[in-house]
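Q: A structural model of the following input is requested.
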Amino acid sequence: MARKAPPKPKASARKPSPELGDDDRQIRYNARTGRPIRDNAGRKSLNPAYLDTTEVVDDEGLESESGSEDEEGVRKKHPKRKRTPSPPLPDVDTQPLYPEDVPSREPTPHPLDDEEASSINLTVNVPKGFSGPLVLKIDRDLLAHGQSEPPSKRQRLPSTRVNSSKPSTGNNISVAPRKASLRQRERFGSSTREDPTKKTFADLPAELRNQVYRLLFVTKDDVDFGRPTNFSRSGALLRTCKQIYNEGRSVLYSENKFAFIRNTRSRAPYWSSQDREIGYQDMRVFLNSIGPTNISLLRSISIMLTDASPSSTPYLDHEGRRFVRDEHIIYCFRQLSRHGKLKEIDLSFYGRKCLTRTDYRFLDALREIKADEVRLEPLERHWYPTKVDWAVKISLLDSMERSTKMYKKE
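A: Have a look, this model is predicted:
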């Protein structure tokens, strides 16, 4: 006969508790998610001995740190202290506060004796070797009151110049006033000349001054940056005064022709051991040094564009040695296009490759330059034509030459 399984023991009946729940131990599942459901889910603990951490506890309601840890989980709340009311404001005085009522910040003067109060001390600094009478004018009101006014209200007494050649008589000494500086003379409108009858350079007619400027600043040959043989043009004259500077710089920059070529020599700053080709750096330094105002005075310039040599630029490849990749020459083009008012410009291109329309960045900077006359012909010392595409040459002439001329032909 088959053996019967022993019956399962029945669970002992007990009362439901918040810790163990009720007597029903069957697991229930969520019909939507399929997860088991906790019996105490969403229910608040009824036992006050347990603290629910999900509740938001205010910091002000917590017990202070000095509280005992032996106490049960119930935390005591301290009552919020009431704010003490501010004292009432005093009544506003309707009378204004006069300056004599304001306490002074100056130190309290020492009490003077009768002799000191009735006397006035005068100190006169006489230079060494000075001879002559000294005249002091003192206000009678100061002597009547017996005291001097504060320094802020003290008036300056007018000084009188007395002939120092006269011998001194008695205690009267004449003090010659110090010569005023140039800034003080300009402020008070006094003449800076020792002899007003003498003529200065500024008193000459404008025609004569221009002739002097041309003799000093203008040269027949070009101011060539490749061969700086005529750079000594008496530029120190421009630093004498503002009037000569404004008049002379217009002759220096407007009536000379400046020629820029690539400098194939190398140099290095003192912190570097590798020499680099100068190239068109001198042209960039020149334009930055004279400034936008003097750039606008340039009328005639000549630029010969060539590639860098491999011997002076071993750190560059063949494409990097082309003048269309030179950042210095592109920067100079933008300076001339922004501030320049050229009358004529000569350009010549002598690179390894022909200048074509694919050199967009170089051509865009070059087209911004405007002049009354643009020449793209080779210079006299070169025996082969410039390397520029015919279509590019026509487009440069159309975009660079002004339709309305700025200067009249001589």
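
Q: just the strands in the stretch 101-250 of the chain please.
A: Ranges of strands within the stretch 101-250 of the chain are 223-224, based on DSSP state E, counting those that start in this stretch.

Q: pLDDT below threshold where in it?
A: 101-119, 129, 132, 142-194, 233 (pLDDT under 70).

Q: please repeat the previous calculation with a cut-off of 50.
A: Low-confidence segments of the stretch 101-250 of the chain, defined by pLDDT under 50, span residues 148, 151, 153-154, 157, 159-165, 167-171, 173, 175.

Q: where exactly do the helices run in it?
A: 114-118, 140-145, 182-188, 206-217, 242-254 (DSSP state H, counting those that start in this stretch).

Q: each with direction, which strands does the very next helix or strand once past the last one pair with?
A: Same thing as helix 242-254. Scanning forward in sequence from helix 242-254 by DSSP states H and E, the next helix or strand is strand 257-260. Strand pairing for strand 257-260, using DSSP bridges, gives strand 223-224 (parallel), strand 300-306 (parallel).

Q: tell me which of the ones you listed lies nearest to N121.
A: Of all those, it is strand 223-224 that lies closest to N121, at 69.2 Å by C-beta to C-beta. Yep, even glycine has a C-beta here, placed from its N, CA and C like the rest.

Q: want to throw the strands paired with strand 257-260 into CSV with distance to I244 and mean neighbour count?
A: Shown next, in CSV, are those (distance: least, C-beta to C-beta, whole Å; neighbours: other C-beta atoms under 10 Å):
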stretch, distance to I244, mean neighbour count
strand 223-224, 20, 18
strand 300-306, 23, 21
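
Q: least reliable of the ones you listed by average pLDDT, please.
A: Mean pLDDT values for the strands paired with strand 257-260 show the minimum at strand 223-224, a mean of 86.

Q: what comes into contact with it?
A: N230, F231, N256, K257, F258, A259, I261 (C-beta atoms under 8 Å, 6 or more residues apart in numbering).

Q: if we only consider these, which is nearest to K242?
A: Using C-beta to C-beta, these come closest to K242 at N256, 21.8 Å.

Q: so what pLDDT did R375 get?
A: pLDDT, R375: 90.

Q: would you confirm that it contacts I345?
A: Yes: the criterion here is C-beta atoms under 8 Å, and R375 meets it with I345 at 7.4 Å.

Q: and these two? Which one has more around it.
A: Between R375 and I345, counted using other C-beta atoms under 10 Å, I345 has the larger neighbour count: 23 against 13.

Q: so that one bridges to which residues?
A: I301, V374.

Q: ok, the one 4 residues further on next?
A: Beta-bridge partners for F349, by DSSP bridges, are L305.

Q: that one: how many residues sit nearby?
A: Using other C-beta under 10 Å, the number of residues around F349 comes to 23.

Q: tell me the contacts of it?
A: F349 touches L305, F323, L355, L376, T386, K387, V388, counting by C-beta under 8 Å, 6+ apart.

Q: what's the farthest-apart pair in the residues you listed?
A: F323 and L376 (14.6 Å).

Q: which of the two has more neighbours?
A: Taking other C-beta under 10 Å, F323 and L376 do not tie; F323 has more neighbours (25 against 19).

Q: quick check: the more buried one touching D307?
A: Yes: using C-beta under 8 Å, F323 is in contact with D307, at 5.6 Å.

Q: pull up the overlap in contacts between those two.
A: In contact with both F323 and D307: G351, using C-beta under 8 Å, 6+ apart.

Q: I figured R334 hits R367, correct?
A: No: with contact defined as C-beta under 8 Å, R334 does not count as touching R367 (11.4 Å).

Q: can I get the strands paired with strand 257-260 in CSV with distance to Y350?
A: Below are the strands paired with strand 257-260 laid out as CSV (distance: least, C-beta to C-beta, whole Å):
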stretch, distance to Y350
strand 223-224, 16
strand 300-306, 5
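
Q: need the contacts of F349 in JSON lines (columns: distance to K220).
A: Output for these, formatted as JSON lines (distance: C-beta to C-beta, whole Å):
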{"residue": "L305", "distance to K220": "25"}
{"residue": "F323", "distance to K220": "29"}
{"residue": "L355", "distance to K220": "32"}
{"residue": "L376", "distance to K220": "25"}
{"residue": "T386", "distance to K220": "26"}
{"residue": "K387", "distance to K220": "31"}
{"residue": "V388", "distance to K220": "30"}
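
Q: next step: these restricted to strands.
A: Among the contacts of F349, the members falling in strands (DSSP state E) are L305.

Q: which one in the contacts of F349 is the model shakiest on?
A: pLDDT across the contacts of F349 is at its lowest for T386, which sits at 79.

Q: mind checking which of the strands paired with strand 257-260 is nearest F286?
A: strand 223-224 (9.8 Å).

Q: ok so, going back, K408 is nearest to which of the strands paired with strand 257-260?
A: Closest to K408 of these is strand 300-306 (C-beta to C-beta; 15.1 Å).

Q: now the angle from the closest one to helix 242-254?
A: Comparing the axes of strand 300-306 and helix 242-254 via axes from the mean of the first three to the mean of the last three C-alpha atoms, to 10 degrees yields an angle of 50 degrees.

Q: flag every buried residue along the very next helix or strand once past strand 300-306.
A: Following strand 300-306 in sequence order, the next helix or strand is helix 327-339 (DSSP H and E). Across helix 327-339, burial judged by 16 or more other C-beta atoms under 10 Å covers H328, I329, I330, Y331, C332, F333, Q335, L336, S337, H339.

Q: can you redo the residues you listed as a markdown table with distance to G351?
A: Listed next are those as a markdown table, based on distance: C-beta to C-beta, whole Å:
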| residue | distance to G351 |
| --- | --- |
| H328 | 15 |
| I329 | 12 |
| I330 | 15 |
| Y331 | 19 |
| C332 | 17 |
| F333 | 16 |
| Q335 | 22 |
| L336 | 20 |
| S337 | 21 |
| H339 | 27 |
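
Q: which one of the residues you listed sits closest to P127?
A: H339 (54.8 Å).

Q: check contacts around that closest one.
A: Neighbouring residues of H339 by C-beta under 8 Å, 6+ apart: P292, T293, I295, S296.

Q: could you check the pLDDT of the last one?
A: To tie it back to what came earlier, the one meant is S296. 93.

Q: list the contacts of it.
A: Residues in contact with S296 (C-beta under 8 Å, 6+ apart) are H339, G340, K341.

Q: how far away is the nearest residue to V124 once chain neighbours are set aside from E368?
A: Nearest residue to V124 in three dimensions, chain neighbours excluded: L134, at 6.6 Å (C-beta to C-beta, 6 or more residues apart in numbering). From L134 across to E368, the span is 72 Å (C-beta to C-beta, to the nearest Å).
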